[in-house]
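**Student:** the following comprises the amino acid sequence and a computationally predicted model.
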Amino acid sequence: MRREKLVYLDGLRGMGCTIVFLCHFVYAFYYGMYQYQEAACHLPGNLDIVIGKSPLNLLFNGNTAVRLFFVLSGYLLCRNFFLSGDTSTLKRSALRRYSRLMPPVLAVNLLIFFLMGAGLYQNEAAAVLAGSEEWFAGFNAFAPSFPGMLWESLIGCFLFGSNDYLGVLWTMRVLFLGAFLDYALAGLIGKRRWRWAAYAIIALLLLRTDFLSIFLGYVLCDFMHTDAGLKDVLCGSGLLNGILLAAGFYFMSYPSAGYGYEGTIWGILPFVFVNYYHILGVLLFVFAVLNLKPVQRFFSLGIFRFLGRISYSLYLIHFPVIATFGAWFLLTFEPRLGYNLTSLVNLVLTGLITVGLSALSARFVEPIGKKGEMLFERIVRK
């Protein structure tokens, strides 16, 4: 069966990477939106806190965005298999996984190594001005080591979640090892009738791990490619999927702070289950998107598809830009322009630099992984 490319899922990835960028920008320069403390607020009337306690916090809810990445990855990893039933697609994907993920990680960590050596990380000083010392000040506050950087880039982040040089690399372990979990499940039980009982047991075993999201994305893919009456009922109702979309937004926008949400629309939900709220919200949201054509058309817009194409590089590159250029710009221009105007210009310029570098990486660095895939496949075949 010919695979139809779901361009709107690329659009969802584009939305997700934008949220992660905004999350780290907000945490660095408007920490009051997350922390809910007046000392970290900069907008008039402590508007920072009002925004943070409203559904607008979804625009910078990084925890939700990461769960979205995991679920989408789990959904797409084995889609070819469920469309064709050909286990060779799983083998090819497994062989390609490392060579696809590693080159951009190494390239960005090399950049970070040189930026640190040149003393260009100014996040500590910027954190004092922004009132975000609790979160922003501690990153990359050590003497860089080339062997250590190489170990993190080539092995550590993929097997152990090492992220000393680049904080977002904690997700690489899930994206790498979680992919092999999904490939193995698809190959071993992906066509068995009793697999749903096995899935339930596996979900319980993964309940307290970050692998739960990427596994549930795989389960969702299996369900969407299963011929069953229940699937047709759930997927065919526009009203039901509209309700699921709204419910997804509700759970996805649950604040991540852990306090201060009393009296908000999420006040009835205890914080202890925050990760599960975000995972549930993402699952409901993605399921609804898979069944609602108007929403699919929205996320198929060119801007979302472009961001989706560069999303992996953007995810890796954005934080070093914030901690170097973004921090320098705030420190340099805040005395002249004032805090909020400086931050607005900073957001635009930091975003443009991040997108530009990400586009270059997607054009020149990510294809190195594809060449590595072909070379590795030839070696394995021989």
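**Tutor:** Alright, I've got the coordinates.

**Student:** give me phi/psi at residue 132?
**Tutor:** Backbone torsions for residue 132, taken as degrees, to the nearest 10, come to phi -120, psi 30.

**Student:** I'd say it and residue 27 touch.
**Tutor:** Yes. The pair formed by residue 132 and residue 27 meets the contact definition of CB atoms under 8 Å, at 6.4 Å. Bear in mind the C-beta positions are built from the backbone N, C-alpha and C, glycine included.

**Student:** give me the neighbour count for residue 195.
**Tutor:** 18 (other CB atoms under 10 Å).

**Student:** residues contacting it?
**Tutor:** By CB atoms under 8 Å, 6 or more residues apart in numbering, the contact set of residue 195 is 185, 189, 222.

**Student:** can you redo those residues as JSON lines with pLDDT, secondary structure and distance to residue 271?
**Tutor:** Formatted as JSON lines, the contacts of residue 195 follow (pLDDT from 0 to 100; DSSP: H, G, I helix; E, B strand; the rest coil; distance: CB to CB, whole Å):
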{"residue": "185", "pLDDT": "97", "secondary structure": "helix", "distance to residue 271": "31"}
{"residue": "189", "pLDDT": "94", "secondary structure": "helix", "distance to residue 271": "35"}
{"residue": "222", "pLDDT": "95", "secondary structure": "helix", "distance to residue 271": "31"}
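
**Student:** of those residues - the most surrounded one?
**Tutor:** residue 222 (23 neighbours).

**Student:** how close does that one get to residue 234?
**Tutor:** The gap separating residue 222 from residue 234 is 14 Å, by CB to CB, to the nearest Å.

**Student:** same question, residue 96
**Tutor:** Distance, residue 96 to residue 234, using CB to CB: 33 Å.

**Student:** same check, this time on residue 264
**Tutor:** When residue 264 is compared with residue 234 (using CB to CB), they lie 30 Å apart.

**Student:** same check on residue 243?
**Tutor:** 11 Å.

**Student:** the more surrounded of those two?
**Tutor:** residue 234 (16 against 13).

**Student:** which ones are touching the more buried one?
**Tutor:** 240, 287, 291.

**Student:** likewise for residue 42?
**Tutor:** 29-30, 32, 48, 130-131, 339-340, 343.

**Student:** for the helix or strand hosting residue 19, what is the average pLDDT?
**Tutor:** In this structure, residue 19 sits in helix 7-29 according to DSSP states H and E. Mean pLDDT, helix 7-29: 97.

**Student:** what does stretch 129-141 give?
**Tutor:** Stretch 129-141 comes out at a mean pLDDT of 96.

**Student:** so how far does that stretch reach from one end to the other?
**Tutor:** 17 Å (CA to CA, to the nearest Å).

**Student:** neighbouring contacts of it?
**Tutor:** 27-32, 34-35, 39-42, 112, 116, 121, 123-124, 126-128, 165, 167, 319, 323, 330-331, 334.

**Student:** picking that back up, of all the contacts of residue 42, which two lie farthest apart?
**Tutor:** In terms of CB to CB, these reach their longest pairwise distance at 131 and 340, which sit 13.5 Å apart.

**Student:** and the two? which has more neighbours close in?
**Tutor:** residue 131 (19 against 14).

**Student:** how close does that one get to residue 25?
**Tutor:** For residue 131, the distance to residue 25 - CB to CB - is 15 Å.

**Student:** middle-most residue in the chain, spatially?
**Tutor:** residue 66 (3.3 Å; CA atoms, centre = their mean).

**Student:** surely it is in contact with residue 20?
**Tutor:** Yes. With contact defined as CB under 8 Å, residue 66 reaches residue 20; the gap is 7.1 Å.

**Student:** what stretches of the stretch 251-382 of the chain score poorly on pLDDT?
**Tutor:** Flagging of the stretch 251-382 of the chain using pLDDT under 70 yields the residue ranges 371-382.
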